[in-house]
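K.L.:
any chance you could fold what I've pasted below:
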Amino acid sequence: MKNTPLRVSIVEDDNTIRETLRSLFIFEEGMECFSVHSNAEDALMRLNGTYPDVIIMDINLPGASGIDCVRQLSQRCKGTQYLMYTVHDDDHRVFEALKAGANGYILKSSTPDQILEAVRELAEGGSPMSAHVARRVVQHFRPAQDRSNVGDAELTEREHGVLGLLAEGLLYKEIAERLGITTGTVKQHIHRIYEKLHVQNRTEAVNRYFGR
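P.N.:
You can find the predicted model right below:
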């Protein structure tokens, strides 16, 4: 288990949002703010050699876009996870960001708890997405039939329920609250679901859920 704090960098041009995020990670136990950047060029110049665990990346930056920044950074810091953080949830931006190397995509309307959980999920190998974004991804891959294609995986009734909520874009904490169980129990269910479906992350599980 990782004993050192989770190092988070922030690339955001809005001063207020940038400082709010910086404060969030400064005061969160088990995390630290590794660096802050107001544009892609500064991030590309300063993040060179030593890299954070997670980079929160705004898309609509002055100069080079956040998508371009992720595309370039992902070529040199393979172990870093990228969380797009933006007001945009249109299909083009979502898929361009994911193709560039982003591992998660959340909206700026997300609460502090949702941001922290998204960062933790990224660090654990997941692919967090805000509910609206997840629905767009699901709709893009969704086939004509409207039924799940995971029956052959022998999921339990509870696991089907957890997977359905995961497909809606809910975070672990929200699933726990909906089902009246602990976040730890949700993680255990999701771990078993991934094993049974032979998938590695939320996006692959959602694709299986909708029969792709």
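K.L.:
show the pLDDT at Glu28.
P.N.:
Listed pLDDT for Glu28 reads 93.
K.L.:
can you check Pro52 too?
P.N.:
In this model, Pro52 is scored at 94, pLDDT.
K.L.:
how close does it get to Asp113?
P.N.:
Using Cβ to Cβ, to the nearest Å, Pro52 is found at 21 Å from Asp113. All C-beta atoms are positioned from the backbone trio N, CA, C, and that covers glycine.
K.L.:
tally up the residues packed near Arg22, please.
P.N.:
17 (other Cβ atoms under 10 Å).
K.L.:
same thing with Asn15?
P.N.:
Asn15, neighbours per other Cβ under 10 Å, totals 9.
K.L.:
higher neighbour count, Pro52 and Asp113?
P.N.:
Per other Cβ under 10 Å, whichever of Pro52 and Asp113 has more neighbours is Pro52, with 20 against 12.
K.L.:
just to check, that one is in contact with Arg7?
P.N.:
Yes - applying Cβ atoms under 8 Å, one finds Pro52 in contact with Arg7, separated by 4.1 Å.
K.L.:
find the residues that touch each one of the two.
P.N.:
Phe34 (Cβ atoms under 8 Å, 6 or more residues apart in numbering).
K.L.:
strands along the protein, start to end?
P.N.:
Under the criterion DSSP state E, the chain carries strands at the ranges 6-11, 31-37, 54-57, 81-86, 104-107.
K.L.:
put together a markdown table for the ones you listed, with distance to Leu122 and mean neighbour count on each row.
P.N.:
Formatted as a markdown table, the strands of the chain follow (distance: least, Cβ to Cβ, whole Å; neighbours: other Cβ atoms under 10 Å):
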| stretch | distance to Leu122 | mean neighbour count |
| --- | --- | --- |
| strand 6-11 | 9 | 24 |
| strand 31-37 | 12 | 19 |
| strand 54-57 | 5 | 28 |
| strand 81-86 | 4 | 25 |
| strand 104-107 | 5 | 24 |
